[in-house]
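Visitor: Would you be able to build a 3D model of this:
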Amino acid sequence: MTSNAIERAESLFRVGQYQDGLDLLGVAARANDPDALAYLASMSLSGDVVNRDLKLSRDLFRRAGLAGSVAGAAAYRAFVANGTGGPPDWTGAVKLLEQAAATDTAARRELDLIARMRLMESGDPIHPCPALTVSKSPEVQAFESLFTDAECNFLIESSMPAFEPSTVVDPISGALVPNPVRTSDATAYPWVAESPAIHALCRRLAVASGTKVNQGEPMQVLRYRPGQEYRAHFDALTDTDNQRILTFLVYLNDDYEDGETEFLATGLRVKGRKGDALLFRNVDRHGQPDPNSEHAGLPVARGEKFLASRWIRERPFGPARD
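Guide: Reported below is the predicted structural model:
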């Protein structure tokens with residue numbers, strides 16, 4: 001009944017019969033149908049067909065999880081951890097993870113990873129994250145072993161099923177085409193997929209950078225195969241009222257050749273060991289894009305390079321602020 005109800009609703013949406021489709025999903029949701037509840041939660045999150053309502057999305061994911069949807073339960077844990085659609089509650093998110101771990105292997109692995117982190121009740125790291133200044137212009141700092149081997153492995157393995165070639169929108173056709181600047185594969189963890197473990201890692205990046213966790217864009221994990229690269233570019237944006245002031249990179253492995261991060265203005269090249277991180281500022285002291293921040297991910301010669309990346313904005317960013 002569930003998939004049939006969703007399929008019928010989608011067929012009604014395609015011909016413009018939006019209310020009929022919503023009514024159909026509503027009937028299934030009132031019958032405690034987990035898939036219909038999760039589907040409506042996703043619609044409320046995206047604002048597709050219905051008005052965007054993060055509080056409602058959070059509650060629908062909660063109900064979907066209680067009704068038996070593993071994906072719905074995971075999305076609700078993410079929202080509780082990162083504060084989308086309601087107040088953040090790290091302790092509550094961990095308790096939800098403990099409940100799920102009894103039957104969900106992925107949740108159990110995530111819980112084991114979190115248990116090895118030294119965290120405050122907020123989910124922030126207990127210990128500071130010492131940095132070494134590598135360059136003053138551009139402003140670059142290095143962090144040794146910011147992520148553990150287990151955390152790096154977790155990010156790589158969690159990302160593998162979702163890797164897709166990096167793409168951009170063609171300005172003429174509107175179609176997704178290969179990115180001419182970044183030739184890697186990538187996956188992202190938007191707030192609905194920012195599980196407690198990933199959220200804790202984002203909090204560590206926030207503490208290390210002296211920013212708030214809600215200033216960060218979704219974490220990305222990138223994979224570079226031989227010959228793939230991220231050609232010279234700037235991370236600062238040219239037309240925004242909420243600038244990308246910082247970039248954080250975490251090297252998730254080191255068993256590959258070449259693939260250094262290079263800053264073109266100075267020739268500085270960095271290749272971190274597994275778990276090491278690099279933080280650099282994209283703007284000058286006036287808040288304008290820093291011409292010295294132009295950088296590139298050089299081509300990988302052998303093996304595969306995995307990198308976690310997070311852009312940090314000047315002010316809170318994304319749905320978690322709504």
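
Visitor: For residue 119, what are phi and psi?
Guide: Reported as degrees, to the nearest 10, the phi and psi values for residue 119 are phi -120, psi 150.

Visitor: From what I see, it and residue 199 are in contact.
Guide: No. When contacts are counted by CB atoms under 8 Å, residue 119 is not listed as touching residue 199 (10.8 Å). Using the backbone N, CA and C atoms, a C-beta is placed for each residue, glycine as well.

Visitor: So for the two, which sits in the more crowded spot?
Guide: residue 199 (26 against 18; other CB atoms under 10 Å).

Visitor: and the closest residue to residue 116 other than its chain neighbours, how many neighbours?
Guide: Spatial nearest neighbour of residue 116, excluding adjacent residues (CB to CB, 6 or more residues apart in numbering): residue 150 at 6.8 Å. The local packing of residue 150 (other CB under 10 Å) involves 14 other residues.

Visitor: so residue 150 is in which element?
Guide: Following DSSP states H and E, one finds residue 150 within helix 149-159.

Visitor: For the helix or strand that that helix is followed by, which strands pair with it and how are they oriented?
Guide: Later in the chain than helix 149-159, the nearest helix or strand by DSSP H and E is strand 164-165. Strand 164-165 has these partner strands in its sheet, going by DSSP bridges: strand 185-189 (antiparallel).

Visitor: Now do the buried residues in the helix or strand that comes right after the strand it pairs with.
Guide: For strand 185-189, the following helix or strand on the C-terminal side (DSSP H and E) is helix 196-209. By neighbour count on 16 or more other CB atoms under 10 Å, the buried set for helix 196-209 is 196-209.

Visitor: One more: stretch 236-249?
Guide: Buried residues in stretch 236-249, defined by neighbour count with 16+ other CB under 10 Å: 236, 243, 244, 245, 246, 247, 248, 249.

Visitor: nearest to residue 290, of the residues you listed?
Guide: residue 236 (7.1 Å; CB to CB).

Visitor: would that closest one count as being in a helix?
Guide: No. Counting by DSSP: H, G, I helix; E, B strand; the rest coil, residue 236 is not found in a helix; it is coil.

Visitor: residue ranges of the helices in the stretch 1-150 of the chain, please?
Guide: Taking DSSP state H, counting those that start in this stretch, the helices of the stretch 1-150 of the chain run over residues 2-14, 18-30, 34-46, 54-66, 70-82, 90-101, 105-115, 149-159.

Visitor: how close does residue 48 sit to residue 62?
Guide: Separation of residue 48 from residue 62 (CB to CB, to the nearest Å) stands at 20 Å.

Visitor: ditto for residue 217
Guide: Plainly put, residue 217 is 25 Å away from residue 62 if you go by CB to CB.

Visitor: Repeat that for residue 37.
Guide: Counting by CB to CB, the gap from residue 37 to residue 62 is 9 Å.

Visitor: and for the two, which residues touch both?
Guide: Both residue 37 and residue 62 are contacted by residue 72, under the criterion CB atoms under 8 Å, 6 or more residues apart in numbering.

Visitor: between those two, who's got more neighbours?
Guide: Using other CB under 10 Å, the more surrounded residue of residue 37 and residue 62 is residue 37, with 28 against 22.

Visitor: Tell me who's in contact with the closest residue to the more buried one other than its chain neighbours.
Guide: Distances taken as CB to CB, 6+ apart place residue 64 nearest to residue 37, at 3.7 Å, with adjacent residues excluded. With contact taken as CB under 8 Å, 6+ apart, residue 64 is in contact with 34, 35, 37, 38, 41, 71, 72, 73, 75, 76.

Visitor: likewise residue 281?
Guide: 138, 139, 140, 245, 246, 290, 293.

Visitor: Try it again at 6 Å.
Guide: Residues in contact with residue 281 (CB atoms under 6 Å, 6 or more residues apart in numbering) are 139, 246.

Visitor: Can you give me the pLDDT of it?
Guide: We have a pLDDT of 98 for residue 281.

Visitor: same check, this time on the one 4 residues further on
Guide: We note a pLDDT of 88 for residue 285 in this prediction.

Visitor: sorry, back to before: any idea of the mean pLDDT for the helix holding residue 150?
Guide: Taken as a whole, helix 149-159 has a mean pLDDT of 98.

Visitor: returning to that earlier point: pull the most distant pair out of the contacts of residue 64.
Guide: 35 and 76, at 14.8 Å, using CB to CB across the contacts of residue 64.

Visitor: Between these two, point out the one with more neighbours.
Guide: Using other CB under 10 Å, the more surrounded residue of residue 35 and residue 76 is residue 76, with 28 against 21.

Visitor: quick one: contacts for the closest residue to the more buried one other than its chain neighbours?
Guide: Among residues not flanking residue 76 along the chain, residue 61 sits closest, at 4.1 Å (CB to CB, 6+ apart). By CB under 6 Å, 6+ apart, residue 61 lies in contact with 41, 72, 75, 76.
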